[in-house]
Structure formats: structure tokens, C-alpha cells
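Trainee: for reference, the sequence and a predicted model appear below.
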Amino acid sequence: MTEAIVKTEFGALYLKKLCRHFARKVPTTMSESQARIEFPFGPNRISVDDEQMHLQIEVDDSAEIDSAEQVVAEHLIRMAHKESLTVQWKRHS
């Protein structure tokens, strides 16, 4: 598993954008403050509050962890084009 905390006050907006984008390709469920995106490499859970986003990816194959982190981070940064976000992943066994 890998996770990141991203400081932003626009987390709810980015959550909606990410889910709408990925829902075209993979199963996605979403509420106002939480989402689950079912990627082929494993599920991505997202939760948001007024100050941050919490991203968590459960990778089925550890060889895909770099790719999983890159896909989620790049799409989030692209969705937040008006804001400079930093996504720093922490890996857990």
C-alpha cells in the first residue's frame, strides 16, 4: 500500500474531477468527501476535508507501485492546474 496527504482547500472539487475522468475507463464510486477508483493495479481510495486530500492505493502487484503512484499523482496535478500541488507517497508493506 502507498498513501499521500496533499494539502489543498479544493479537495472536493479535485475528487469530483478525478472520478468523472476515471469513470470513463474503470469502476468508480463517489460521495461528497470520499471516492474509490478501481484501477487494474488495485483500488485507490480518496478522502477529503477542508484542508487536504488523503490518497491511498492498494497495489496488487508490488512491481506496479511506481506506475500506480505516477498515474494518480499526474492526473491530480493536471486537474489542479491553477494550484501547485505536491504529492509525496509513503509506502507501507
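Mentor: That came through, no problem.
Trainee: okay, CA-based contacts and neighbour counts for the rest of this
Mentor: Will do.
Trainee: and residue 18, what element?
Mentor: helix 11-22 (DSSP states H and E).
Trainee: which residues sit against that helix?
Mentor: Defining contact as Cα atoms under 8 Å, 6 or more residues apart in numbering, one finds that helix 11-22 is touched by 28-30, 32-35, 37, 46, 48-53, 75-76, 79-80.
Trainee: got a ChimeraX select line for the buried ones in those residues?
Mentor: Buried residues among the contacts of helix 11-22 (16 or more other Cα atoms under 10 Å), as a ChimeraX selection:
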select :28,30,33,34,35,37,46,48,49,52,53,76,79,80
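Trainee: please state the offset of the helix holding residue 18 from the chain centre?
Mentor: Offset of helix 11-22 from its chain centre (Cα atoms, centre = their mean, to the nearest Å): 9 Å.
Trainee: and the biggest helix by length in the chain with helix 11-22, angle?
Mentor: For the chain, the helix that runs over the most residues, judged by DSSP state H, is helix 65-79. Going by axes from the mean of the first three to the mean of the last three Cα atoms, to 10 degrees, helix 65-79 is angled at 110 degrees with respect to helix 11-22.
Trainee: so what does helix 65-79 touch, helix or strand wise?
Mentor: helix 11-22 (3 or more Cα pairs under 8 Å, 6 or more residues apart in numbering; DSSP states H and E).
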